[in-house]
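> Starting from these lines, generate the structure:
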Amino acid sequence: MEKITTVSDPSSEHYKENIGGGIAIKTTGGKVARRVSLPTASGFIIIDVDDIIYLNSHYNSTFFNLVNGKRIMVSKTIKDYEEILDPSAFFRTHKSSMIHLKYIKEFSRMEKNWAVMIDNSTIAVSRRRLPEFIKALDEYNSISNMEVQS
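This is a model prediction of the structure:
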């Protein structure tokens, strides 16, 4: 059985990319997967990308932390998922963390740089990536504001 994800415009041209157990569909028009297949020991789980609050990794495993409180472990690196998740919505804050910009509720510079997520998790933002993070967050918020006004 083929593992499939969907795109926002099914009529657009697209190609399939194998991510080691999961198939993600990206469009040639720059759109990326709306759903992702996560391989597990017993098969796979398909989740909506919008349900991901953040990802964190430990060695060669990646943990998906979801809005429903579930945490799913996948035996793939965070880099595998960084390559298929929308870079305008997801940001790699640290070598072991990637966050969904939609779910940041606060940014704190107390002691270190921390992104506080809607589930109250604190995710470190590396000093080296801080300028890019601020820029990505500003761009994401300006795009979100334009969508609201439309």
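
> now P131: how far from M98?
17 Å (Cβ to Cβ, to the nearest Å). C-betas here are computed from N, CA, C, even on glycine.

> Which one of those two is surrounded by more residues?
More crowded of P131 and M98, by other Cβ atoms under 10 Å: M98, with 22 against 9.

> Show me the beta-bridge partners of that one.
Counting by DSSP bridges, M98 is bridged to L55, R92.

> show me what contacts it?
M98 makes contacts with 54-56, 78, 81-82, 85, 90-92, as judged by Cβ atoms under 8 Å, 6 or more residues apart in numbering.

> Give the buried residues for the longest helix anywhere in the chain.
In the chain, taking DSSP state H as the definition, the longest helix is helix 130-149. Residues 133, 136-137, 140 are the ones in helix 130-149 that count as buried (16 or more other Cβ atoms under 10 Å).

> Stretch 49-58 too?
For stretch 49-58, burial by neighbour count (16+ other Cβ under 10 Å) applies to 49, 51-57.

> cool, and stretch 107-119?
Neighbour-count burial for stretch 107-119 flags 113-115, 117 (criterion: 16+ other Cβ under 10 Å).

> Where does the prediction get shaky in this protein?
Within the chain, the stretches with pLDDT under 70 are 1-33, 144-150.

> That one: helices as residue ranges?
In the chain, the segments counted as helices under DSSP H are 78-82, 130-149.

> Of the ones you listed, give the one that comes closest to I72.
Closest approach to I72 among the helices of the chain (Cβ to Cβ): helix 78-82, 11.6 Å.
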